[in-house]
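Student: Task: produce atomic coordinates for the following.
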Amino acid sequence: MAVFRRTFDAHLDQLSSARTWLNEVLPEFLTYYELSDKGGALQHRMTLCLSEIMANTIDYSSPPADTLNVILEYKDRAIILSVEDDGSPFEGFEIAVNAAKRAHDVPTLDERGRGLYLVGNMCRDLHYTTKNSHGSQGVNRLMMVYDVAA
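Tutor: Next up is the predicted model:
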């Protein structure tokens, strides 16, 4: 099983590098698993979602994360794109993820929350987990699950 993983510093100036990395490894990943992305729609959605989740993690984690791990894996006939950080758990984030999965209308009047809603609508499913390993810091992981044609 091939898993592609890269670690980035948790700074906004790293978003471009993360998008470039994903766009470089995704074709190799798809080829390895004999999957198709005709027209590049999947790559576009995944790149946009990665950028949004990384930016939110950098902007809102408190205390701030030092690093972000981006993980690309294939499991149960789906691609899983995960972002892990070493910051504190996001209070109420699991509730926000679940609300984004159930929302039918774009929250246009709210200043916050649209990004998670959009990410939730660009992938099949979202999962958030957190593990505290030392004090308030730990490992937070947001997994974005995508269907893909074989």
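Student: mind listing the strands for this protein?
Tutor: With strands called from DSSP state E, the chain shows them at 4-9, 67-75, 78-85, 125-134, 137-147.
Student: Just checking: what are the partner strands of the second one?
Tutor: Its sheet considered, strand 67-75 pairs with strand 4-9 (antiparallel), strand 78-85 (antiparallel) by DSSP bridges.
Student: circling back to that earlier point, out of the strands of the chain, which is the most enclosed?
Tutor: Per residue and on average, the most neighbours among the strands of the chain fall to strand 78-85, with a mean of 21 (mean count of other C-beta atoms under 10 Å). Glycine gets a C-beta too; all of them are placed from N, C-alpha and C.
Student: now that strand: how far from the chain's centre is it?
Tutor: Mean-position distance between strand 78-85 and its chain equals 5 Å (C-alpha atoms, centre = their mean, to the nearest Å).
Student: is Arg141 in a bridge, and if so with what?
Tutor: Glu84, Thr129.
Student: how near is it to Glu28?
Tutor: Distance of Arg141 to Glu28, given as C-beta to C-beta, to the nearest Å: 23 Å.
Student: can you list the strands paired with strand 67-75 in CSV and add mean pLDDT and distance to Val145?
Tutor: Compiled in CSV, the strands paired with strand 67-75 are given as follows (pLDDT from 0 to 100; distance: least, C-beta to C-beta, whole Å):
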stretch, mean pLDDT, distance to Val145
strand 4-9, 97, 16
strand 78-85, 96, 5
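Student: ok, now which ones touch Leu142?
Tutor: Contacts for Leu142 (C-beta atoms under 8 Å, 6 or more residues apart in numbering) come out as 53, 57, 82-83, 97, 126-128.
Student: gap between it and Tyr32?
Tutor: For Leu142, the distance to Tyr32 equals 24 Å [C-beta to C-beta].
Student: same question, Gly120
Tutor: Applying C-beta to C-beta to Gly120 and Tyr32 gives a distance of 27 Å.
Student: Good, we can wrap up now.
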